[in-house]
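In: Below: sequence and its predicted model.
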Amino acid sequence: MHYTLIKDIFACPEQYAGKEVTVAGWARTIRDSKVIGFVQLNDGSCFNNIQAVLNKDSVADFDRIVHLGVGSALIITGRLELTPDAKQPFELQVTDIAVEGASAQDYPLQKKRHTMEFLRTMPHLRQRTNTLSAAYRMRSLASFAIHSFFNSRGFVYMHTPIVTASDCEGAGEMFQLTTLDISNPPRTEDGSVDFSQDFFGKKVGLTVSGQLMGESAAMAFGRIYTFGPTFRAEKSYTARHAAEFWMIEPEMAFCDLAGDMEIAEDMIKYVLNYCMKNAPDELAFFNQFLDNGLIDRLNNVVNTEHFKRITYTEAIELLKNSGKKFDYPVEWGCDLATEHERYITEEVFGCPVFVTDYPKEIKSFYMKQNPDGKTVAAVDLLVPGIGEIIGGSQREDDADKLVARMQELGMDIESYQWYIDLRRFGGATHSGFGLGFERLLMYITGIANIRDILPFPRTTGSCEL
C-alpha cells in the first residue's frame, strides 16, 4: 500500500488539500474529547507531526483508539483540510484508522521532557523523541552532503578496511582482534603470544584511520575520500570522545597545504549550507532548546569569505600576550587545548581559523617536515563554539626523511615498507585531512555530548545492545 510521507504534505499542503491521503506512523499524543479525538502522528520523515481528527460518529472502534497508549503504530486515512486560522496549518479528517501495533501502558517516552542521561538508557527507543529524531535526520542529511560535495569535486570514494595491521597514528590505541583462545593462547619459544597461529597469521586490530591506505589510492586516482567507522582504544570519559566514530578523510595528490585548506574550507561551508537549507525546522528546534546562538554561529561560518590563517607560532604569541590566565599554561611546543582554540576563534578573530606549522614533536610521523627542522606542514581548523574540528597536513613525500622520522619514533620500518614504497614509485606532493563526523554533527546541532549524536554509542565502559 502507498503511504504519503508527512514531510511531503508539509512541503506542499495545497497539493493535498481536499484530497484523501493515507499516512503511517507512531502516535506522539492521543487526546479524547468524548466525541472527538486528536492524534499527533509522526512518521520519522520530518520534525513535524500531522494532527488527525477522529469523529466518534464516523470512525469505527473510536473508544478503543482514543485510549491507545502513546507510541502506538497507526495507519490513518482521511481528507486533508487546510486550517490557516488554527495553530496547525492543516489537519487530517479521519475516515479510517488501523492499529498496526498498540503500545503498552509502560511505554517510557510519555509527553514530557526527558533528560539526555535518561534517554541513553534506552538507545532502542530514544530516536522517537524530538531531539534525537532531529539529530539522526541531521546525521543522514550531513552524510549525503559529504558524498555530494566530494562527488562534485571529482573525488573517488574508497572503502578502506576496518581490520588492519597498520597503526596510522603510531600511538598504540588500537583494539586488537584475535580468534585465539585468550585464556590459553599458543606461545612462541620466548613465551610471547604466537600470532602466526591467529586467523590472519599476524597481529591485527581495528583501524584508527583509513588515511595511509587512502594515500595509496590517491597515488592512483589523484583525489579520493574515505568515509567510514574508525576505532580508538583510548580510555576517555569526556563528552567529546567515543571508542567507535566515523571519519571523513580526503587525500589529494599534487596538492600542497594551501590546497588542503581550500578543500577543507569549501567542504565545511557546503555541508553547513546543505543542512541549513534542508533541515530548517530541526535547526530552529536546536536553536530554541539546546543552543540559542546556534543559527547565528552557523551563519557566521558560511558567510565568512575566507577563514583566517595563522601559524602555530603566531597563535602561541597571541595566547601569551592575551593577558588571560588559562588553565593550561602556554609555551611554544605545547599542544593547544580547547580553551586556547576557542579564545583564538571567538575572542581574537570571531571566525574559523586555520592554524598551521606545528612543532613536529606533537604531530604524527607522516607529516611533511618543514625546512626549519622544527615544524611540520600540519593544519588544524578551529571553529567558534567548539575549537578544533579538522586536522590535516601535507604528507611527507621524501622517503629518506620519512624513514628517519619513523626510526626516531622507534616504529617497525618493515611493517610500513609498502607505505614507504609510495614515495619510491612515482611519489608526488600530496595532502589530506581528517574530520570527525560526530564532532561536525555536534557543531551543527548544538548537542553537547557525542553519546547523543551517535545512535548506538560505544564508549569506555559502555556497549549497549
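Out: The structure has been received and is ready for your questions. Numbers count the residues shown, from 1 in each chain.

In: where does the stretch 151-300 of the chain have low pLDDT?
Out: Along the stretch 151-300 of the chain, the model assigns pLDDT under 70 to residues 167-172.

In: quick one: the helices in this protein?
Out: 6-11, 13-16, 62-65, 116-119, 130-152, 211-221, 257-278, 280-289, 294-303, 312-320, 338-342, 399-408, 417-424, 437-445 (DSSP state H).

In: Contacts for the longest one next, please.
Out: I take that to be helix 130-152. Around helix 130-152, the neighbours that count as contacts under CB atoms under 8 Å, 6 or more residues apart in numbering are 42, 44, 46-47, 116, 119, 126-127, 157, 225, 227, 248, 250, 266-267, 270-271, 274-275, 278-279, 281-282, 285-286, 289-290, 437, 440-441, 444-445, 447, 452-453, 455. In this view, the C-beta of every residue, glycine as well, is placed from N, C-alpha and C.

In: Narrow these to those that are buried.
Out: Neighbour counting with 16 or more other CB atoms under 10 Å marks 42, 46-47, 116, 119, 126-127, 225, 227, 248, 250, 267, 270-271, 274-275, 279, 282, 285-286, 290, 437, 440-441, 444-445, 447, 452-453 as buried within the contacts of helix 130-152.

In: which stretch among the helices of the chain comes nearest residue 354?
Out: Residue 354 lies closest, by CB to CB, to one member of these: helix 257-278, at 5.2 Å.

In: mind checking how far that closest one is from the chain centre?
Out: Relative to its chain's centre, helix 257-278 lies at 15 Å (CA atoms, centre = their mean, to the nearest Å).

In: Count residues in the vicinity of the residue nearest to residue 342 when sequence neighbours are not counted, would you?
Out: Counting by CB to CB, 6 or more residues apart in numbering, residue 342 lies nearest to residue 387, which is 5.2 Å off, once chain neighbours are set aside. Burial of residue 387 is recorded as 23 neighbouring residues (other CB atoms under 10 Å).

In: And residue 387, how close does it get to residue 370?
Out: Noted for residue 387: a distance of 24 Å to residue 370, by CB to CB, to the nearest Å.

In: Tell me, how many residues neighbour the closest residue to residue 433 other than its chain neighbours?
Out: Nearest non-adjacent residue to residue 433, counting by CB to CB, 6+ apart: residue 392, 2.6 Å away. Each residue near residue 392 was counted by other CB under 10 Å, and the total is 27.

In: can you check residue 426 too?
Out: Applying other CB under 10 Å, we find 10 residues neighbouring residue 426.

In: Also the one 5 residues further on?
Out: Burial of residue 431, expressed as a neighbour count using other CB under 10 Å, amounts to 29.

In: what sits opposite it in the beta ladder?
Out: In this entry, residue 431 is beta-bridged to residue 252, residue 394, by DSSP bridges.

In: Touching, it and residue 394? I think so.
Out: Yes: with contact defined as CB atoms under 8 Å, residue 431 and residue 394 form a contacting pair (4.5 Å).

In: Show me which residues of stretch 45-55 are buried.
Out: Neighbour-count burial for stretch 45-55 [16+ other CB under 10 Å]: 45, 46, 47, 49, 50, 51, 52, 53, 54.

In: which residue packs closest to the last one, ignoring adjacent ones?
Out: If the residues on either side of it in the chain are set aside, residue 54 comes closest to residue 37, at 3.9 Å by CB to CB, 6+ apart.

In: give me every residue that touches the one you found.
Out: Residue 37 makes contacts with 30, 31, 53, 54, 56, 59, 62, 65, 66, as judged by CB under 8 Å, 6+ apart.

In: Pull the contacting residues for the residue nearest to residue 342.
Out: The contact partners of residue 387, by CB under 8 Å, 6+ apart, come to 338, 341, 342, 345.

In: if I look at it, how far off is residue 343?
Out: 9 Å.

In: before we move on, what about residue 61?
Out: Distance of residue 61 to residue 343, given as CB to CB: 63 Å.

In: who has more neighbours, those two?
Out: The residue with more neighbours, out of residue 61 and residue 343, is residue 343; 22 against 11, by other CB under 10 Å.

In: wait, isn't that one in contact with residue 322?
Out: Yes: here residue 343 reaches residue 322: they are 6.7 Å apart, a contact under CB under 8 Å.

In: For the stretch 351-465 of the chain, give me the ranges with low pLDDT.
Out: Looking at the stretch 351-465 of the chain by pLDDT under 70, you get an empty list.
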